[in-house]
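# Take a look and give me a structure for this.
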Amino acid sequence: MEEFDAVVVGAGHNGLVAANMLADAGWRVLVCEATDAPGGAVASAELTAPGYISDLCSAFYPLAATSPALLRLGLEEHGLRWRHAPSVLAHVFPDGRNVVLSRDLEETAKAVGEFAAADADAWHAEFAYWQRIRDDVLDAILSPFPPVRAGARLARRLGPAEMLRFARRAVMPVRTMTRERFAGDGARALFAGSAMHTDLGPDQAGSGIFGWLLTMLGQEVGFPVPEGGAGQITAALVRRLSTRDARVDCGRPVTSLVVGNGEVLGVWDAEGQVVRARRAVLADVPAPVLYRDLVGESHLPARLVADLDSFHWDDATIKVDWALSGPVPWSAPAVRGAGTVHMGADLDGLAGVANDLACGRVPRDPFLLLGQMTTADPSRSPAGTESVWAYTHVPRGERWSPSRLKRRADRIEQVIEDQAPGFRSLIAGRAIAGPAELAEHNPSLVEGAINAGTSAIHQQLVFRPVPGLGRADTVIDRLFLAGASAHPGGGVHGAAGANAAKAALARDKVPGYHGLVSAAHKMLYR
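Prediction:
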């Protein structure tokens, strides 16, 4: 029987971040990955045509470029290189108007000012506010809950009155938030489209903070991409881990955990072998999978089992990748340099899409998030060509046959063709992934849910993944939830993995830590 200090279940980016942090602390670590390659949703491959690199899931990484968890690992020393498109983001309205977010503050202010002159100054004011509090906000959002130190710093910086107003901002719908600050459609669309990177529509509570965070990060650091594909983030994490006392075993599914007397002791793999975990098991899998499949309900309090029935997944996803023989022929020249493009809806249209999804309807007019990858990173395809993807959300539970997926991909292409006449004539290859295909690539993308659970406020902080502590600690001693189902949720920032590693280290070293956590769990789930 093999023995390690820690076993990490799942080699997604969160699992690899956690493994690196534990290995840095001198622990001997094994990472077990069910699929044949590490990375999970942070991976790339030639899907559409030879020489065209497609990112299989996630693609642009403003959070990765600013996350303390990833910055501390120094991945640039292990081969990671960031690249940028000339412009960060363009929002294309159905009527052909567009607004472009640039890393150049003056350029963005000018762009939003074309929709309403006062918005140029309003944009400057909003970005100044962001710069004033960004470090404290990022620390508060990404650190273990509750963010005592970061929250205290933010409160001191803002003062009681302004802190109360910031709390209001944090729970506002993005439509309301932007109407209070901007007069024109341009600025409003940038925030609302960014909020749609989650599963929240423009009129849902909490959508404002997500739109604000991504838009301000875009203004500050852009939406960078790894040179050579998303998989280079994973490759750098694995290379770093290989220099420590750690091992990554791919094609080694964990089928269950060994639990005794309320404590995790190790894992069973698919070959029936037991791996002993002397100090901890960290699980980079969705919470329902961890609790129901790997732990088993017999080891869980009845109230926790009942709470799992109310776990709320995010919407399903359909993604299309294309190999193009030339750049996208946008009617609006300003859009050509944008790495990310939002298109298909104005603010009211976004609300309609969100309402359709909430009602279980496939939106007739899809809202698209599109990536021009060669524009951002010339290594993604041969010179003079373009590697492009787009994704859109659809309701969960729909059956997507190959013919139905093809029709949806054709509809997505029509939305692009309307704004870029001649797009279809450039297609040299196409790959379509529906909810089932995304889950086949990465089992953690359950039914095509890319966020490991809704971003809605009722499943954030102490409500993520279920009402509890909002921390990586679980009711099983020495077992920690390290995936995006845990606080702070989805996105490639590594915070969930880092928080789990911190909790494991604290359990091992801090006197009284286990007693406090155990007492809290008994109070919550008795």
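# Not counting its own residues, what contacts the one helix or strand Ala431 maps to?
Secondary structure assignment for Ala431, by DSSP states H and E: strand 427-433. Contact with strand 427-433 is made by 47-49, 52, 54, 56, 318-325, 385, 405-406, 409, 413, 441, as judged by Cβ atoms under 8 Å, 6 or more residues apart in numbering. (Each C-beta comes from the backbone N, C-alpha and C, glycine too.)
# which of the residues you listed are buried?
The neighbour-count test (16 or more other Cβ atoms under 10 Å) marks 47-49, 52, 54, 56, 318-324, 385, 405, 409, 413, 441 as buried among those.
# quick revisit: next, the buried residues of the helix or strand following the strand holding Ala431.
With elements assigned by DSSP H and E, the helix or strand that comes after strand 427-433 is helix 435-441. For helix 435-441, the neighbour count (16+ other Cβ under 10 Å) marks 435-439, 441 as buried.
# ok, now stretch 174-182?
Neighbour-count burial for stretch 174-182 flags 174-175, 177-178, 181-182 (criterion: 16+ other Cβ under 10 Å).
# Stretch 349-360 now?
Buried residues in stretch 349-360 (16+ other Cβ under 10 Å): 349-354, 356-357.
# So which of those residues belong to strands?
Judged by DSSP state E, the buried residues of stretch 349-360 include no members of strands.
# Just the closest of those to Phe480, please.
If you rank the buried residues of stretch 349-360 by distance to Phe480 using Cβ to Cβ, Leu357 comes first, at 32.2 Å.
# which residues does that closest one contact?
The contact partners of Leu357, by Cβ under 8 Å, 6+ apart, come to 199, 201, 315, 363, 393-395.
# Contacts for stretch 210-220 next, please.
By Cβ under 8 Å, 6+ apart, stretch 210-220 touches 62-63, 66, 88-89, 101, 103, 105, 108, 126-127, 130-131, 134, 137, 141, 169, 174, 177-178, 190-195, 197-198, 200, 455.
# ok now stretch 365-375, how far from the chain's centre?
With Cα atoms, centre = their mean, to the nearest Å as the basis, stretch 365-375 stands 16 Å off its chain's centre.
# Show the contacting residues for the residue located most distally from the centre of the chain.
Within the chain, Met1 marks the point farthest from the mean C-alpha position, 36.1 Å out by Cα atoms, centre = their mean. Met1 makes contact with 273-276 under the criterion Cβ under 8 Å, 6+ apart.
# could you redo the last one with a cut-off of 6 Å?
By Cβ atoms under 6 Å, 6 or more residues apart in numbering, the residues touching Met1 are 274, 276.
# and it, how far is that from Leu257?
With distances taken as Cβ to Cβ, to the nearest Å, Met1 is found 15 Å from Leu257.
# What's the mean pLDDT across the strand holding Ala431?
For strand 427-433, mean pLDDT is 97.
# Neighbouring strands - and their directions - for it?
strand 316-324 (antiparallel) (DSSP bridges).
# Domain map for this protein?
2-34+251-312+451-525, 43-103+222-227+315-448, 122-221 (automatic domain parsing).
# Quick one: those domains as JSON lines, columns for distance to Leu241 too.
Output for the domains of the chain, formatted as JSON lines (distance: least, Cβ to Cβ, whole Å):
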{"stretch": "domain 2-34+251-312+451-525", "distance to Leu241": "5"}
{"stretch": "domain 43-103+222-227+315-448", "distance to Leu241": "9"}
{"stretch": "domain 122-221", "distance to Leu241": "21"}
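# which of the contacts of Leu357 has the most neighbours?
Within the contacts of Leu357, neighbour counts (other Cβ atoms under 10 Å) peak at Asp199, which reaches 27 neighbours.
# May I have the phi/psi pair for it?
Asp199 adopts backbone torsions of phi -100, psi 20, taken as degrees, to the nearest 10.
# Does it touch Thr317 like I think?
No: in this structure, Asp199 is not within contact of Thr317 by Cβ atoms under 6 Å, at 9.7 Å.
# in the stretch 51-200 of the chain, which spans are strands?
54-55, 82-83, 87-92, 98-101 (DSSP state E, counting those that start in this stretch).
# Make JSON lines out of these and add distance to Met343.
As requested, the strands of the stretch 51-200 of the chain are exported to JSON lines (distance: least, Cβ to Cβ, whole Å):
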{"stretch": "strand 54-55", "distance to Met343": "19"}
{"stretch": "strand 82-83", "distance to Met343": "23"}
{"stretch": "strand 87-92", "distance to Met343": "4"}
{"stretch": "strand 98-101", "distance to Met343": "9"}
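# Check those for me and report the most buried one.
strand 87-92 (a mean of 28; mean count of other Cβ atoms under 10 Å).
# Adjacent strands (with direction) for it?
Strand pairing (DSSP bridges) places strand 87-92 next to strand 98-101 (antiparallel), strand 338-343 (parallel).
# chain center to it: distance?
19 Å.
# Could the C-alpha coordinates of the strand holding Ala431 be exported in PDB?
Coordinates of each C-alpha in strand 427-433 appear next as PDB, following Å, rounded to 0.1, in the frame of the first residue of the first chain:
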ATOM      1  CA  ILE A 427     -14.200  28.200 -42.200                       C
ATOM      2  CA  ALA A 428     -11.600  25.500 -42.700                       C
ATOM      3  CA  GLY A 429     -12.600  23.300 -39.800                       C
ATOM      4  CA  ARG A 430     -15.200  23.200 -37.000                       C
ATOM      5  CA  ALA A 431     -15.600  21.300 -33.700                       C
ATOM      6  CA  ILE A 432     -18.800  21.400 -31.700                       C
ATOM      7  CA  ALA A 433     -19.000  20.500 -28.000                       C
END
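# List the buried residues of it.
Neighbour counts over strand 427-433 (16+ other Cβ under 10 Å) mark 429-433 as buried.
# can you list the residues you listed in CSV and add distance to Cys250?
As requested, the buried residues of strand 427-433 are exported to CSV (distance: Cβ to Cβ, whole Å):
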residue, distance to Cys250
Gly429, 27
Arg430, 28
Ala431, 23
Ile432, 26
Ala433, 21
